[in-house]
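> quick one: sequence plus predicted model below, questions after.
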2 protein chains.
Amino acid sequence: MTFSSKLIEKAVEAFASLPGIGRKTALRLVLHLLNQDKATTTQVASALVAMREGIRECQTCHNLADEAVCQICADTRRDRSLVCVVENIRDLMAIEDTGQYRGLYHVLGGIISPIEGVSPADLNIDSLMERIAQGEIKEVIMAISPTIEGETTVYYLSKKLQPSGVLVSAIARGVSFGGDLEYADELTLGRSIVARIPYSR
Amino acid sequence: MTFSSKLIEKAVEAFASLPGIGRKTALRLVLHLLNQDKATTTQVASALVAMREGIRECQTCHNLADEAVCQICADTRRDRSLVCVVENIRDLMAIEDTGQYRGLYHVLGGIISPIEGVSPADLNIDSLMERIAQGEIKEVIMAISPTIEGETTVYYLSKKLQPSGVLVSAIARGVSFGGDLEYADELTLGRSIVARIPYSR
């Protein structure tokens, strides 16, 4: 792609440095901004800089926060006896979006993966133990992806949490709602029969 | 989508205000920036602002330019007797990318469209006439999309250019290279037979 303007070229490269945005898309975004007021570009740019400069990690749960403590931890209406352990912020958001969970969270910041060199020491596990030592938490829900690394992490955490006496649970797995039995993978379908639940109306 | 941070929410909205970027993609971009140095975000933001603030329209051809005259018009190695008329900057870039054209351009800034209320007065036609009046231009190549509005624009321009005596041509249309005859639309295939060219080796 040839640009007759260095300014355009740099702006296209800036957009194209982001994941999933190629140079053609980047050019489309730049031309869109050129069609808008100058203020639009300034707003986009300042929102990004303000976010990157101002964002903090919640000192309690490691969620993204504007203050020292995130909005979820600061919310007094939430059930403080429940903590849901998630791998990252994206998983936290996915659970929040269901609107079904009113407890707190704990963001691990990854999962144990010997291949990628992620050991328990690299994760926010000490701070989870500290939270539990305070005695308010009654149940820890593991909401970790069911991969080998995920299962390892859950196993490691459940062993580590055992002495504290808190209830450790994991999110239910099975055939998804609206999913066709025929197309469910064997492992999921098999487990969903083994872990069947009594029918209640 | 629920955000536990106002800063994140504003940054996501900034990205999502761009065409083709939904809120999920916007969140992915924001989380990507959070994983990078602060400098990365500042660089992206300042490239956009510098582009939007600094960009100008070439006073000769209406291409985007960093200076009063764009790099193409300023390039003395280009054939100044040829002018290619295009609808917008994207079409100009597409032709430049072929590497087959070494003349100059003229960006109309749109095409005549009574439905969308675009009349000849809204386009950069007067400046084209002025360029031709200077006498250096020998041929004007119409590289306008073959839509009804495009054909109208080409017809209007060719009538207007007639008194000046410059040669008016249009880019060749036909079955594309690598295209299967079977799948070419009837109009294109029909015209490609009518406008057949002598075979030369």
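All right, it came through fine. Residues are numbered from 1 along each chain as shown, chains lettered A, B, ... in the order given.
> look at A:Ala143 and report its pLDDT.
A:Ala143 carries a pLDDT value of 92.
> my guess is it contacts A:Val85. True?
Yes - A:Ala143 lies in contact with A:Val85 (Cβ atoms under 8 Å); the separation is 6.5 Å. Backbone N, C-alpha and C define where each C-beta goes, glycine included.
> between the two, which has more neighbouring residues?
A:Val85 (26 against 19; other Cβ atoms under 10 Å in any protein chain shown).
> so what's that one up against?
A:105-106, A:108, A:128, A:140-144, A:157 (Cβ atoms under 8 Å, 6 or more residues apart in numbering or on different chains).
> what residues does the helix or strand harbouring A:Leu161 touch?
Element membership for A:Leu161, per DSSP states H and E: helix A:148-161. Helix A:148-161 is contacted by residues A:85, A:87, A:108, A:111-113, A:120, A:123, A:125, A:128-129, A:132, A:140, A:142, A:144, A:168, A:170 when judged by Cβ under 8 Å, 6+ apart.
> break chain A down into its domains, please.
Following automatic domain parsing, one finds the domains of chain A at A:6-54, A:76-198.
> A:Ser81 reaches A:Ile132, doesn't it?
No - using Cβ under 8 Å, A:Ser81 is not in contact with A:Ile132; the gap is 11.1 Å.
> stretch A:189-201: which residues count as buried?
Going by neighbour count (16 or more other Cβ atoms under 10 Å in any protein chain shown), the buried part of stretch A:189-201 is A:Ser192.
> quick check: mean pLDDT across it?
pLDDT averaged over stretch A:189-201 gives 76.
> quick one, what contacts A:Ser164?
With contact taken as Cβ under 8 Å, 6+ apart, A:Ser164 is in contact with A:129, A:132-133.
> what do you get if the cut-off is 6 Å, keeping everything else the same?
Neighbour list for A:Ser164: A:Ile132 [criterion: Cβ atoms under 6 Å, 6 or more residues apart in numbering or on different chains].
> for it, give its distance to chain B.
Separation of A:Ser164 from chain B (Cβ to the nearest Cβ, to the nearest Å): 26 Å.
> ok, A:Gly178 next?
Separation of A:Gly178 from chain B (Cβ to the nearest Cβ) stands at 20 Å.
> get me the contact residues on chain A for chain B.
Contact residues (Cβ under 6 Å from any Cβ of the partner chain) of chain A with chain B: A:2, A:4-8, A:10-11, A:14, A:18-19, A:29, A:32-33, A:38, A:41, A:44-45, A:47-49, A:51-52, A:54-55, A:63-64, A:66, A:70-72, A:96-97.
> ChimeraX command to pick out the buried ones of those?
Remark: buried members of the residues of chain A next to chain B, expressed as a ChimeraX selection using 16+ other Cβ under 10 Å:
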select /A:4,5,7,8,10,11,14,18,29,33,41,44,45,47,48,49,51,52,55,63,64,66,70,71,72,96
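> in the helix holding A:Leu161, what counts as buried?
The neighbour-count check on helix A:148-161 (16+ other Cβ under 10 Å) flags A:149-154, A:157, A:161 as buried.
> longest helix in chain A, by residue count?
helix A:38-54 (DSSP state H).
> C-alpha coordinates for it, CSV please?
Extracted in CSV, the C-alpha atoms of helix A:38-54 (Å, rounded to 0.1, in the frame of the first residue of the first chain):
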residue,chain,number,x,y,z
LYS,A,38,-11.1,17.1,14.5
ALA,A,39,-12.7,16.7,18.0
THR,A,40,-13.7,13.1,17.3
THR,A,41,-10.1,12.1,16.8
THR,A,42,-9.0,14.0,19.9
GLN,A,43,-11.7,12.3,21.9
VAL,A,44,-10.7,8.9,20.8
ALA,A,45,-7.0,9.6,21.4
SER,A,46,-7.6,11.1,24.9
ALA,A,47,-9.9,8.3,26.0
LEU,A,48,-7.2,5.8,25.2
VAL,A,49,-4.4,7.7,26.9
ALA,A,50,-6.6,8.5,30.0
MET,A,51,-7.5,4.8,30.2
ARG,A,52,-3.9,3.6,29.9
GLU,A,53,-2.5,6.2,32.3
GLY,A,54,-5.3,6.0,34.8
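> quick one: list the elements packing against it.
helix B:6-16, helix B:38-54 (3 or more Cβ pairs under 6 Å, 6 or more residues apart in numbering or on different chains; DSSP states H and E).
> hmm, who's touching the shortest one?
Looking back up the chat, that one is helix B:6-16. Against helix B:6-16 from outside (Cβ under 6 Å, 6+ apart): A:44, A:47-48, A:51, A:54-55, A:64, A:66, B:3, B:21, B:23, B:26-27, B:29-30.
> many thanks, I have nothing further to ask.
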